[in-house]
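Trainee: Mind looking at a prediction? Sequence and model below.
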Amino acid sequence: MDNRRFLIIPALILLAGLLPGCPAPGGETPTQADRSTRISQDDRALIREKVGQVTDPVTIHFYSRGDQDKGVKNTRKLLGLIDQASGMVSVEEHNIQAQPQGAQPPGITRGPVMVMEGKEAYGMRYDGYPTRLELAPFLDSILIASGKVPPLMDRSRASLENLDQDVVIKVFVTPD
C-alpha cells in the first residue's frame, strides 16, 4: 500500500478545521474574519511586555488605502492593542488615497505600512502585517524609536562597533 495515503489523510483532517464552514476543535465554526484577526494570548503578553518598556513618546503612523489593502484589518487590531498597552505609544492612521499627492513618505503607495516616529529619527518603516516571528522585531522597532536599545548578542554588538559609516538595512521576509 502507498505510504503517502497515510500522510495525506491526517493532513486533510487537520486542514478541515481551517476551512470555512468546517468545525474547529471544540465544535465551534469560526468565521474567516474571526480566524484572521485572532491574536494569541502569547502575542498579547509579548505586546504588553515590550510596549510596557517604552518611556518616551512614540507615534506609529499607519498608512493604508483603507480596507482594500491585504492585512489592514489585522494590522489595525494589532495597533489598537499596542496603543492600549502604553500611554506612551499612539497610532495615527492615514488613508493614502485621501491625502494629497506627496503627503505620505516616499515610496508608500499601498499599505499596511507603519512608520515609527519617536525620540530618535531612524527612519524605521515596516511594510505589511507583522505576524508570527515578525512581531518581536516590530515591537523592538517601537522600543528603538523611544530611545531604548533592545539587548544584542555580543557578536552583533562587536560587529556594529566596528562600522565606520552609516548603513542602510533592508529586511525582506516571506510568510512562515
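Mentor: Looks like it arrived, so ask away. Fair warning: this is a prediction, and the values are worked out from it, not measured in the lab. Residues are numbered from 1 along each chain as shown.
Trainee: Give me the helix or strand of the protein that scores worst on average pLDDT.
Mentor: When each helix and strand of the chain is scored by mean pLDDT, DSSP states H and E, helix 4-16 comes last, with a mean of 35.
Trainee: so the spatially most central residue of the chain, which of the three states?
Mentor: Nearest to the geometric centre of the chain sits residue 130, at 1.9 Å (CA atoms, centre = their mean). Classification of residue 130 using DSSP: H, G, I helix; E, B strand; the rest coil returns coil.
Trainee: Would you quantify the distance from it to residue 124?
Mentor: Per CB to CB, to the nearest Å, residue 130 is found 12 Å from residue 124. Backbone N, C-alpha and C define where each C-beta goes, glycine included.
Trainee: And residue 62, by the same measure?
Mentor: 14 Å.
Trainee: In terms of neighbours, single out the busier of these two.
Mentor: residue 62 (21 against 17; other CB atoms under 10 Å).
Trainee: Look at that one and report its pLDDT.
Mentor: pLDDT, residue 62: 93.
Trainee: pull the CA atoms of the helix or strand containing residue 94 into CSV?
Mentor: Following DSSP states H and E, one finds residue 94 within strand 89-95. Provided in CSV are the C-alpha atoms of strand 89-95 (Å, rounded to 0.1, in the frame of the first residue of the first chain):
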residue,chain,number,x,y,z
VAL,A,89,2.6,55.0,22.2
SER,A,90,0.0,56.5,19.9
VAL,A,91,-1.2,55.5,16.5
GLU,A,92,-2.2,57.9,13.7
GLU,A,93,-4.0,56.3,10.7
HIS,A,94,-3.5,57.9,7.3
ASN,A,95,-5.6,56.9,4.2
